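sequence first, predicted coordinates after that:
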Amino acid sequence: MMTMPRRILMLGSVLLATSCTSPSPVLYTLAVVPGAEHPGGPRQIEVRSIALARYLERSQIVRSSQDYRLDVLGNDWWGEPLDAMIGRVLTQSLAHRLPGSTVYNANGAISATPDATVAVNVQRLDQDHSGAVVLVAQIGIHRKGDMTRGVTIRVMPSAAGTPGLVAAMSDAVGKLADDIAGMLTAR
C-alpha cells in the first residue's frame, strides 16, 4: 500500500510529464493551381532557387507582418522549407502553363542548357489588414536579354483558418506562375 506523499509524488510526476509534451505540429504544403496555357515558350526553362525575405525562412507559417510585428502560427508548419516548396510548385505550375516547354528546377537532378532562366525574389507572402494574402516578388527572366518585373498579387482567402490561408497562398503562387509564363512567351 502506498503512502499519501508517495501517491502525490507519482501523480505529480505523471502530470509534469504530460504537461511538458506539446502536440505535434500540423504540416501544410502549397498546391499547384491550374492556369491558362501560354503556347510558344522556350524549349528548356530553368527555375533557379527562390530567394525569400528572411522573416519567411522558418518552419512556422507566417500569418502577417503588419504593424512592425510578425504573427506566426505556432503549431501550423510548412511541410518543407518554403523556398524549396515555392520552387517546386512554381516549376510544376510553369510546366502546366507552357506546353511544349521542359521546365526543371536548378536544384533538381536534371540539368540541361536552358533557353531561359527564371529567378524570383519573394519579398512578402502573408496577410494584410484586410485579410488578403499579399505576395510581393521580383521576377527576373534571362532569355536573349534580361527582363525584370516587380509584381504584387492579392488573394482573399475563400475559407477561414490556416487551410484557407494556405489555399490563398497557393492561388497567389499560381498567379505568379501566370505572370512568369506571360513574360516567357512575350515577343
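Looks like it came in fine. Numbers count the residues shown, from 1 in each chain.

can we go C-alpha only for contacts and neighbour counts from here?
Fine.

ok, for Arg143, nearest residue in space, not its chain neighbours?
Of all residues beyond its chain neighbours, the one nearest Arg143 is Ala116 (4.7 Å), with distances taken as C-alpha to C-alpha, 6 or more residues apart in numbering.

neighbours around Ala106, how many?
For Ala106, the count of nearby residues is 18 (other C-alpha atoms under 10 Å).

ramachandran angles for it?
phi -60, psi -30 (degrees, to the nearest 10).

let me know the pLDDT of it.
If you check Ala106, the pLDDT there is 93.

what does Ile110 give?
pLDDT, Ile110: 85.

next one: the one 4 residues further on
The pLDDT attached to Pro114 in the predicted structure is 95.

could you list every residue that touches it?
43-46 (C-alpha atoms under 8 Å, 6 or more residues apart in numbering).

now do Ser93
32-35, 174, 177.

of the residues you listed, just the buried ones, ChimeraX syntax please.
Selecting only the buried entries of the contacts of Ser93 in ChimeraX, with 16 or more other C-alpha atoms under 10 Å as the criterion:
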select :32,33,35,174,177
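
so which of the contacts of Ser93 comes closest to Gln92?
Val32 (6.9 Å; C-alpha to C-alpha).

the closest one contacts Ser170, correct?
Yes. Val32 lies in contact with Ser170 (C-alpha atoms under 8 Å); the separation is 6.8 Å.

what's in contact with the longest helix seen in the chain?
If you go by DSSP state H, the chain has its longest helix at helix 161-185. Residues outside helix 161-185 that contact it (C-alpha under 8 Å, 6+ apart) are 28-36, 38-42, 63, 76, 86, 89-90, 93-94, 97-98, 116, 125-126, 133-135, 139, 141, 151, 153-159.

give me the number of residues near Gly145?
The burial count for Gly145: 7, using other C-alpha under 10 Å.

typo on my end, it should be His142
Neighbour tally, His142, other C-alpha under 10 Å: 17.

OK, contacts around it?
Per C-alpha under 8 Å, 6+ apart, neighbours of His142: 116-118.
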